[in-house]
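A.B. asks: predicted model and sequence below, questions to follow.
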Amino acid sequence: MTSSSITTIHSRDNTFVKDLRRLAQDTTAYRKQGRVWLEGDHLCRAALERGQRASIAVFSESFWPLAQVEWAQDAMKIIVIADALFADISGLDSPARMGFIMDLPAPAAVHPGAATVVLDRVQDAGNVGSILRSASAFGFRQVVAIKGSAALWSPKVLRAGMGAHFALDLIEGVEHGELQSLQVPMLVTSSHAGDWLHRAALPWPCAWVLGHEGQGVSPALEERAALRIRIAQPGGEESLNVAAAAAICLHASGAGR
């Protein structure tokens, strides 16, 4: 890596800095820019382990001397910015000292036969990221987000996903009608009706539909379901958080195949 490959920035009015601030702080800026921001070494390592390569690696000025040996070869371009600028850009309470900018994957079509998780207007970024982690862990390879769901590549979802994004095919902004192409049985979660999960014969592959935190799965999708599934709650709670329910259901499918 030669010095000509490295750019150092100290001005908060720099165009690159302004664009990076939007990527780090604006939920949907990635759609306009066609790229995503991975802040912190954990997310960056997760991307590299899945065969990704950064278009730009960004380092705080104080960290760059330590980062050169481990990280300099993992990006096509290096940007070093003043520590105060990095702190201003960061979306974290305790700013990281590095991050990657990566090209947003090209939009994919729904794969008819893939084991799938459908997000039906799941709106909390933490829930969505957690569901992506469970999907990846338990052998699901496609996540389809219906319009009204949290932006899949937003900074908060990326952080909550902890690298799961790079193991999944992610499709967002989908209308209900586009799910017609799915050729696997559709399973919906319910808090009050359907087969008990621990007794159900779960098909594989399948598509689990996880609904809005307050409203649940939409009636239109519930009508199309091959199975309605509920989780036994011997402690007596009314319902489970959607991310917790997802982890239980997806594990049951993955472990039982």
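C.D. replies: Yep, that arrived.
A.B. asks: helices of the stretch 101-250 of the chain, residue ranges please.
C.D. replies: 125-137, 155-161, 219-224, 242-256 (DSSP state H, counting those that start in this stretch).
A.B. asks: redo those helices as a markdown table? Include distance to Ala84 and mean neighbour count.
C.D. replies: Quick note: C-beta positions are derived from backbone N, CA and C, even for glycine. Putting the helices of the stretch 101-250 of the chain into a markdown table (distance: least, Cβ to Cβ, whole Å; neighbours: other Cβ atoms under 10 Å) gives the following:
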| stretch | distance to Ala84 | mean neighbour count |
| --- | --- | --- |
| helix 125-137 | 27 | 23 |
| helix 155-161 | 20 | 23 |
| helix 219-224 | 48 | 14 |
| helix 242-256 | 35 | 19 |
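A.B. asks: wait, which of those is closest to Asp13?
C.D. replies: Evaluated over those, closeness to Asp13 peaks at helix 155-161, with 22.2 Å, by Cβ to Cβ.
A.B. asks: tell me where the model's unsure across the stretch 151-257 of the chain.
C.D. replies: Within the stretch 151-257 of the chain, not a single segment meets pLDDT under 70.
A.B. asks: hang on, the earlier thing: out of the helices of the stretch 101-250 of the chain, which is closest to Ile78?
C.D. replies: Using Cβ to Cβ, the helices of the stretch 101-250 of the chain put helix 155-161 closest to Ile78, at 21.3 Å.
A.B. asks: off-centre distance for that closest one?
C.D. replies: 6 Å (Cα atoms, centre = their mean, to the nearest Å).
A.B. asks: what would the helices of the stretch 101-250 of the chain look like in TSV with distance to Thr28?
C.D. replies: Supplementary listing: these in TSV, determined by distance: least, Cβ to Cβ, whole Å:
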stretch	distance to Thr28
helix 125-137	12
helix 155-161	11
helix 219-224	24
helix 242-256	21
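A.B. asks: and of those, who's closest to Gln73?
C.D. replies: The closest of the helices of the stretch 101-250 of the chain to Gln73 is helix 155-161. By Cβ to Cβ, the value is 23.0 Å.
A.B. asks: just checking, what packs against the closest one?
C.D. replies: If you count contacts as 3 or more Cβ pairs under 8 Å, 6 or more residues apart in numbering; DSSP states H and E, helix 155-161 packs onto helix 15-25, strand 35-39, helix 125-137.
A.B. asks: which residues touch it?
C.D. replies: 23-25, 27, 36-40, 43, 91-92, 125-130, 132-133, 150-151, 165 (Cβ atoms under 8 Å, 6 or more residues apart in numbering).
A.B. asks: and for Gly51, the neighbour number?
C.D. replies: 7 (other Cβ atoms under 10 Å).
A.B. asks: that one belongs to a strand, doesn't it?
C.D. replies: No: with DSSP: H, G, I helix; E, B strand; the rest coil as the criterion, Gly51 is located in coil rather than a strand.
A.B. asks: so what's it up against?
C.D. replies: Per Cβ under 8 Å, 6+ apart, neighbours of Gly51: Phe166.
A.B. asks: any idea how far it lies from Asp74?
C.D. replies: Separation of Gly51 from Asp74 (Cβ to Cβ, to the nearest Å) stands at 12 Å.
A.B. asks: with that, I have no additional questions.
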